[in-house]
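Trainee: below are the sequence and a predicted model for it; my questions follow.
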Amino acid sequence: MFVHRRLTIATGAALLSLAVTGCSGLGRSMVGTVSYETGRGLGVRVTSPSVKGCHRLAPAGATKVENSTLVDMRLYRTRNCDAPHNTYLPSNSGDEIAPGTLPWRSYSVIH
């Protein structure tokens with residue numbers, strides 16, 4: 001009985017360790033939401049996107065972005081985050097494009 005209980009505790013501890021490691025490993029994500037308004041006036045909300053890579057926004061682009069996450073991001077006017085000029089958007093803040101300018105079409109995370 002004592003050996004069975006000890007084995008159960010050891011197994012539970014091992015599974016808990018794997019779960020914690022998995023959450024902070026390769027699949028890291030921004031904690032919070034990124035919300036934006038498209039060029040057509042539609043609202044979009046993305047919950048906890050990945051911190052890796054370039055993220056495309058809606059095909060019509062975004063005219064207003066709210067970064068309600070714990071990390072900063074960069075907004076680009078191209079679909080693949082390769083524009084030399086970008087907009088820095090700190091965590092827990094928002095921005096809106098100036099009238100007559102191109103919408104944002106992608107973003108990347110600063111981490």
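Mentor: On my side now, so go ahead. Fair warning: this is a prediction, and the values are worked out from it, not measured in the lab.
Trainee: where's stretch 97-111 relative to the chain centroid, distance-wise?
Mentor: The chain centre lies 15 Å from the centre of stretch 97-111; the measure is CA atoms, centre = their mean, to the nearest Å.
Trainee: tell me how far the ends of that stretch are from each other?
Mentor: The straight-line separation of the ends of stretch 97-111 (CA to CA, to the nearest Å) is 24 Å.
Trainee: ok, now stretch 73-85?
Mentor: 14 Å.
Trainee: try stretch 76-84
Mentor: 9 Å.
Trainee: what comes up buried for it?
Mentor: Residues of stretch 76-84 classed as buried: 76, 77, 78, 81, 83 (neighbour count, 16 or more other CB atoms under 10 Å). Quick note: C-beta positions are derived from backbone N, CA and C, even for glycine.
Trainee: in space, what's closest to the fourth one - neighbours in sequence excluded?
Mentor: When the adjacent residues along the chain are set aside, residue 81 lies closest to residue 54, with 3.7 Å between them (CB to CB, 6 or more residues apart in numbering).
Trainee: neighbours of that neighbour, how many?
Mentor: The local packing of residue 54 (other CB atoms under 10 Å) involves 15 other residues.
Trainee: isn't it right next to residue 105, touching?
Mentor: No - taking contacts as CB atoms under 8 Å, residue 54 lies outside contact range of residue 105: 10.1 Å.
Trainee: joint contacts of the two?
Mentor: When contacts are counted by CB atoms under 8 Å, 6 or more residues apart in numbering, residue 54 and residue 105 are jointly contacted by residue 76.
Trainee: residue 44: what's it in contact with?
Mentor: With CB under 8 Å, 6+ apart, residue 44 has these contacts: 35, 36, 37, 38, 57, 58, 62.
Trainee: how about it, phi and psi?
Mentor: When read as degrees, to the nearest 10, the backbone of residue 44 gives phi -130, psi 140.
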